[in-house]
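Peer 1: what follows is a protein structure lacking sequence information:
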């Protein structure tokens, strides 16, 4: 588990409101954009800066460990209900089937992704995710 930045802020930190030009940072007690309006391009640039700051301080895997664990647990629980609803399989057999159910699940997602990508290419659409 990663310890994210604390909420103990110095009044004279780089992102504090007492600075003439507040610099956006994790240490800011309030957003540096308070009272300002930015267009989407500016917000995109600011978001990129924030993302790079976050990833310069913490490992990407450490930031997502809880989400990945929850997603894996939820997926495994759902697949186990499909595989062994009555709970009668031996643990070794259950794990073997769970392994193959996961493989089938992710192969299905890959197929859907490829089909969408192909359809977008045929329709002249860009890569919108």
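Peer 2: Yep, it's here. This is a predicted model, so every value here is computed, not measured.
Peer 1: C-alpha from now on. contacts and neighbour counts both.
Peer 2: Noted.
Peer 1: list the buried residues of stretch 36-50.
Peer 2: By 16 or more other C-alpha atoms under 10 Å, stretch 36-50 has no buried positions at all.
Peer 1: mean confidence score for it?
Peer 2: Mean pLDDT, stretch 36-50: 89.
Peer 1: swap in stretch 54-65?
Peer 2: What stretch 54-65 shows for mean pLDDT is 91.
Peer 1: ok, and for it, which residues are buried?
Peer 2: 54, 63.
Peer 1: same thing with stretch 83-98?
Peer 2: Neighbour count says stretch 83-98 has 97, 98 buried, by 16+ other C-alpha under 10 Å.
Peer 1: ok, residues contacting that stretch?
Peer 2: Where contact means C-alpha atoms under 8 Å, 6 or more residues apart in numbering, the residues beyond stretch 83-98 that reach it are 76, 79, 80.
Peer 1: so what's the last one closest to, chain neighbours aside?
Peer 2: Excluding the flanking residues, the one nearest residue 80 by C-alpha to C-alpha, 6 or more residues apart in numbering is residue 98, at 6.6 Å.
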